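Peer 1: sequence and computational prediction follow.
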Amino acid sequence: MAYSTVFRLIRAVKTVGEKFPYYSPAATRVRFKEDNNNISTMGINCNLVVSYNKSFAHKLTNEELEKIVLHEILHYINGHHARYMNSPLRDTLPHNIHNIAMDLEINEFIPDLPKDGFKAKDFGLPERKSYEEYLGLINRDMPPKLKKILNSPCLDCIDGCNNPKSNQGCEEDEQANDPCNNCPHQGKGLLPDDLKMDGYSDIYQAILNDLINECEKSRGTGEGSGDTIRKVPKRKYPWEQVFQNIVTAKVTEIIAGFKYRTFERPNRRYVHTPDIIFPKLIDRISKISLAIVMDISGSMGDNVNKMYGVMKSIIDILDLQIDITVLECSMGVENIMRGFDLTRESIESKDGGGTDMGAGLEYIYEHEIEADLIVVMTDSYTPWPNPPILADKTVVLTDNPNEYNGPYPVYPVEF
């Protein structure tokens, strides 16, 4: 059975998380975006979005996909975006030279790299050096092979090419950095440049630092390493980051049929969804349904209006059809939207009278709204249905986890 490219990528990143537990927190946050016009291989940006060329990814084996996905994650975990922006040689050497120096730093730690993966020994450089050290060495004395690569970016031709269509074979074009005209490999094996700087902002460095700390705590050693996660204190993350991770995990589950485990519950038990979930298909496009139960009580203030625009932008990046139902609740369900209506007047928070997020869950249950995932966003000053309903698909985002006493998996966030 031939699987789609996006399925194979999702399976690859899931395997990376299982094989390398240290990188699992990062692997669970990776998202994929097809981009056949601006990228020839794969590239990662500072928000853990991996853009890929479908033709390139399609030709790789599953094992090669795993290695390249790990390679991209290592770019992120090593903070290469910020290090590039702060490099004193940023404007001295081309971006792809910086990229190669970064590759040399991380490829030593990836076993059984694909054949085109650069290592320090390929250029006669010492092993296990940093990106900055490699950059300094290259700047002082550029290795001959690297010069050859720069002049002939068709990597398949670096060591010579027996071109049956030309008696001249492959020669470097010293006037332009293009593969030679007669090369049968044209368009293949181009010089790697997989660090995408689009949308770079220093704010992502703080998020990266938190993620690295989470990786450290999830490492585990020897016996009892399985207890490590349970010992991690509950920490608040930006709500948009958590929302994005939850939706991405659900998309992964539905597309690939993976078993999905929610975060830790207050009583230290876990909630599991069914082993196999069959995706709904409309015109061969996977479709999921998302319900958002939004607290619009006075204690939420002006956050609600700002949050809708951010949620819409997060969902738009996913190459799927997502049906969204928003239930705005105070003591009851005040309003229902299909999708995010960003053109309407600002929402007025409902002061006084209390809050009941359970009313939104009761409405979904009683009206049989078919949602694959329900996200409740509240400050936790609310009762919850007893006994719980829709517990197999509901998660709660709250900025007051100490006030939360519900039966659903909770994610501490900052609104």
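Peer 2: Now that the structure is in, tell me what you want to look at. Residues are numbered from 1 along each chain as shown.

Peer 1: alpha carbons only for contacts and neighbour counts from here, please
Peer 2: OK.

Peer 1: state the pLDDT value of residue 15.
Peer 2: According to the prediction, residue 15 has pLDDT 89.

Peer 1: skipping its backbone neighbours, what lies nearest it in space?
Peer 2: residue 66 (7.2 Å; Cα to Cα, 6 or more residues apart in numbering).

Peer 1: the one you found: what secondary structure?
Peer 2: helix (DSSP: H, G, I helix; E, B strand; the rest coil).

Peer 1: is residue 373 bridged to anything, and to what?
Peer 2: Beta-bridge pairing for residue 373 (DSSP bridges): residue 290.

Peer 1: my read: it touches residue 250, true?
Peer 2: Yes - contact status for residue 373 versus residue 250: in contact at 7.3 Å, counting by Cα atoms under 8 Å.

Peer 1: related to what we said a few turns ago, my read: the residue nearest to residue 15 touches residue 13, true?
Peer 2: Yes - if you go by Cα under 8 Å, residue 66 and residue 13 touch, sitting 6.6 Å apart.

Peer 1: how close does residue 36 sit to residue 70?
Peer 2: According to Cα to Cα, to the nearest Å, residue 36 stands 21 Å off from residue 70.

Peer 1: neighbour count: the two, which is higher?
Peer 2: residue 70 (24 against 15; other Cα atoms under 10 Å).

Peer 1: that's a helix at the more buried one, yeah?
Peer 2: Yes - assigned with three-state DSSP, residue 70 falls within a helix.

Peer 1: give me the pLDDT for it.
Peer 2: Reading off the model, residue 70 has pLDDT 93.

Peer 1: next up, the contacts around it.
Peer 2: Residue 70 sits next to 13, 16, 110 when contact means Cα atoms under 8 Å, 6 or more residues apart in numbering.

Peer 1: shared neighbours of residue 373 and residue 250, anything?
Peer 2: In terms of Cα under 8 Å, 6+ apart, residue 373 and residue 250 are not both contacted by any residue.

Peer 1: residue 331 is in contact with residue 360, isn't it?
Peer 2: No - with contacts counted by Cα under 8 Å, residue 331 stays clear of residue 360, the gap being 9.4 Å.

Peer 1: neighbour count: these two, which is higher?
Peer 2: Shown here are residue 331 and residue 360; by other Cα under 10 Å, residue 360 has more neighbours (26 against 20).

Peer 1: ok, that one - contacts?
Peer 2: Applying Cα under 8 Å, 6+ apart, the residues contacting residue 360 are 293, 327, 328, 329, 332, 333.

Peer 1: farthest-separated two in the residues you listed?
Peer 2: Greatest spatial distance among the contacts of residue 360 (Cα to Cα): 293 and 332, at 10.9 Å.

Peer 1: the more surrounded of these two?
Peer 2: More crowded of residue 293 and residue 332, by other Cα under 10 Å: residue 293, with 25 against 17.

Peer 1: contacting residues for the more buried one?
Peer 2: Per Cα under 8 Å, 6+ apart, neighbours of residue 293: 326, 327, 328, 329, 357, 360, 361, 374, 375, 376, 377.

Peer 1: repeat for residue 97
Peer 2: Residue 97 sits in contact with residue 135, where contact means Cα under 8 Å, 6+ apart.

Peer 1: let me know the helix or strand that it is in.
Peer 2: Using DSSP states H and E, residue 97 falls within helix 95-107.

Peer 1: quick check, distance from that helix to the centre of its chain.
Peer 2: 21 Å (Cα atoms, centre = their mean, to the nearest Å).

Peer 1: after that helix comes which helix or strand?
Peer 2: Going down the chain from helix 95-107, the next helix or strand is helix 131-140, by DSSP H and E.
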